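Asks: Fold the following.
(one chain, ligands or ions: 2)
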Amino acid sequence: MKTQVAIIGAGPSGLLLGQLLSRAGVANVVLEQRSADYVLGRIRAGVLEQVTVDLLDEAGVGARMHAEGLPHDGVELCFDGQRHRIDLLGLTGKRVMVYGQTEVTRDLMAARAEAALPTVYEAENVSVHGFDGDRPVVRYTKDGAAHELQCEFIAGCDGFHGVCRASVPAEAIALHEKVYPFGWLGVLADVPPVNHELIYVNHERGFALCSQRSRTRSRYYVQCSLDDNAEDWSDAAFWNELKRRLPEATAAGLVTGPSIEKSIAPLRSFVAEPLRFGRLFLAGDAGHIVPPTGAKGLNLAATDVAYLWQGLADHYRGNGTALAHYSARALARIWKAERFSWSMTTLMHRFPDGGSFARKMQQAELAYLVSSPAAMTALAENYVGLPMD
Ligand code: RFL
Ligand code: PHB
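Replies: Ligands and ions are numbered 1, 2, ... in the order given. I've put the predicted structure just below:
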């Protein structure tokens, strides 16, 4: 089999890149190690920046998002038992869109199937070769048979644990990492959200987040220990812990119900540099991870893909400048989102070994933040997403 761009991974990065490239007339094949249902079963991000919304429109998959997604004009920070609203729209002129990663992925999968674009799910033993030369090759097995895909470029959209970044010689790549000493326990439930906007909570017992997927489906998180197992948390224990971290009046209005998904995510900041190795490019979680506190993971994946799509499309029109600058352009935006995600995480969580000084610093910063239009604007412009340069 032959193609122009071999895309490894059918998460949001790989599927969005495939869709944008196809619309630009660039042939591509997507290879995914899991089944489509498995990919759709992973509950992850929920907040889309305007640039991500625009890219999904550009890819021709925005219709259901506009019909079913919930535009949010603000977000709340809660500390000392008080809720404070950050007026995103008033401070920046921009909103965010609440529409789950599962739905984004479903829309992209449907568009790919409708256009009959080649996609191999349950591709095993995917390996990438020859990307330092002119003729890269991807090998994989499917139903026990070995296959080879000849291509001109490889897009590594295979997430943090993927094979692409791991195939780069160690001396060619620098890795920057910070692992946080806690995780997020998340619950999805078919109950109406406690508030029409998201609430990020700083509490003595640990961070909590009230998020949502629709007017009838809620997504809640509580900070938990890395030693915890999701199976050991009963629904009752989760709701009880969440209520303890909310102001009394808010907890009183919380509607609880059986969980339809419950999982623990570790928190990590990670960046690989550079993101290009000859004819291999890394995009999305394959190249970087942010802790979810700033809601940036999926949005960064989308903007990486935008830079890469522009670079590849220009290359096939005879102009290689944008492709040559892919890594530097993407990393400039990535580092700013890393900074924001790290600072939101540091501000909102309880650090087990933080001590009283760190706690006082959090309290002072939160008090300053909600009293200063300048500080609120800085938070708001990062939350709604920095412009793409
Ligand atoms: P994905 O979604 O991980 O997709 C990568 C795909 O590559 C496949 N793959 C392979 N395919 C073939 N061969 C191999 N050797 C392969 N190895 C892996 C995988 O099966 C998978 O289908 O990366 P992508 O597309 O870059 O998208 C990035 C986003 O998924 C990610 O940034 C966000 O979901 C991060 N994230 C969150 N972001 C938010 O903004 N808000 C959140 O609440 C939020 N929660 C989360 C998250 C990420 C999590 N992970 C990665 C553990 C919760 C979790 C649990
Ligand atoms: C979510 O809805 O899953 C979500 C929303 C905002 C975040 C993280 C996760 O910052």
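Asks: touching ligand 2 at all, the longest helix seen in the chain?
Replies: In the chain, with assignment by DSSP state H, the single longest helix is helix 326-348. No - in terms of Cβ under 6 Å from any ligand atom, no part of helix 326-348 sits within range of ligand 2; the closest distance is 7.9 Å. (Glycine included, C-beta is placed from N, CA and C.)
Asks: what helices or strands is whichever helix or strand comes after that helix leaning on?
Replies: The element immediately downstream of helix 326-348 (helix or strand, assigned by DSSP states H and E) is helix 355-371. Packed against helix 355-371 by the contact rule (3 or more Cβ pairs under 8 Å, 6 or more residues apart in numbering; DSSP states H and E) you find strand 75-79, helix 326-348, helix 373-383.
Asks: returning to what we had before: tell me which residues are up against the longest helix of the chain.
Replies: Applying Cβ atoms under 8 Å, 6 or more residues apart in numbering, the external contacts of helix 326-348 come out as 77, 178, 180, 200-202, 207, 267, 269, 271, 273-276, 281, 283, 287-288, 290-294, 296, 299-300, 303-304, 307-308, 311, 322, 362, 365-366, 382-383, 386, 388-389.
Asks: Which of the helices and strands packed on helix 355-371 sits closest to L15?
Replies: Nearest to L15 among the helices and strands packed on helix 355-371 is helix 326-348; the distance by Cβ to Cβ comes to 18.1 Å.
Asks: Let me know the angle separating the closest one from helix 373-383.
Replies: 130 degrees (axes from the mean of the first three to the mean of the last three Cα atoms, to 10 degrees).
Asks: Run through the residues that contact the closest residue to C78 other than its chain neighbours.
Replies: Leaving aside its chain neighbours, C78 sits nearest to V201 (4.3 Å; criterion: Cβ to Cβ, 6 or more residues apart in numbering). Neighbouring residues of V201 by Cβ under 8 Å, 6+ apart: C78, F79, F207, A208, L209, C210, R245, L246, M348.
Asks: tell me the average confidence for stretch 380-389?
Replies: In this model, stretch 380-389 carries a mean pLDDT of 95.
Asks: and what of stretch 346-360?
Replies: Rounded mean pLDDT across stretch 346-360 is 94.
Asks: list the contacts for the residue of the stretch 251-389 of the chain found nearest ligand 1?
Replies: For the stretch 251-389 of the chain, the residue positioned closest to ligand 1 under Cβ to the nearest ligand atom is G284, at a distance of 2.2 Å. By Cβ under 8 Å, 6+ apart, the residues touching G284 are G9, G11, P12, S13, G14, C157, G159, L300, A301, D304, V305.
Asks: what's the helix or strand for S263?
Replies: Assigned by DSSP H and E, S263 falls in strand 259-273.
Asks: Next, the buried residues of that strand.
Replies: Neighbour-count burial for strand 259-273, with 16 or more other Cβ atoms under 10 Å as criterion, is recorded at S259, K262, I264, A265, L267, S269, F270, V271, A272, E273.
Asks: Serialize the residues you listed to CSV and add fields for pLDDT and distance to ligand 2.
Replies: Formatted as CSV, the buried residues of strand 259-273 follow (pLDDT from 0 to 100; distance: Cβ to the nearest ligand atom, whole Å):
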residue, pLDDT, distance to ligand 2
S259, 98, 14
K262, 97, 13
I264, 97, 13
A265, 97, 9
L267, 98, 11
S269, 98, 14
F270, 98, 17
V271, 98, 19
A272, 98, 22
E273, 98, 25
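Asks: for those, which one is nearest Y140?
Replies: Nearest to Y140 among the buried residues of strand 259-273: A272, at 22.8 Å, using Cβ to Cβ.
Asks: Go ahead and confirm H349 touches P181.
Replies: No - using Cβ atoms under 8 Å, H349 makes no contact with P181, being 9.1 Å away.
Asks: out of the two, which sits in the busier spot?
Replies: The neighbour count for H349 versus P181, taken as other Cβ atoms under 10 Å, is higher for H349 (22 against 14).
Asks: got the residues of the protein near ligand 1?
Replies: Residues of the chain found near ligand 1 (Cβ under 6 Å from any ligand atom) are 8-14, 31-34, 39, 44-46, 101, 123, 126, 157-163, 265, 284-285, 292, 295-298, 301.
Asks: Could I get the full set of strands for the stretch 1-150 of the chain?
Replies: 5-8, 28-31, 47-48, 70-72, 75-79, 82-86, 96-98, 119-120, 124-129, 137-142, 145-150 (DSSP state E, counting those that start in this stretch).
Asks: which residues sit against the one helix or strand R244 maps to?
Replies: For R244, the host element (DSSP H and E) is helix 235-245. Outside helix 235-245, the residues within contact range by Cβ under 8 Å, 6+ apart are 185, 187, 201, 203, 205-208, 220, 222, 251, 254, 256, 258-259, 262.
Asks: Many thanks, I have nothing further to ask.
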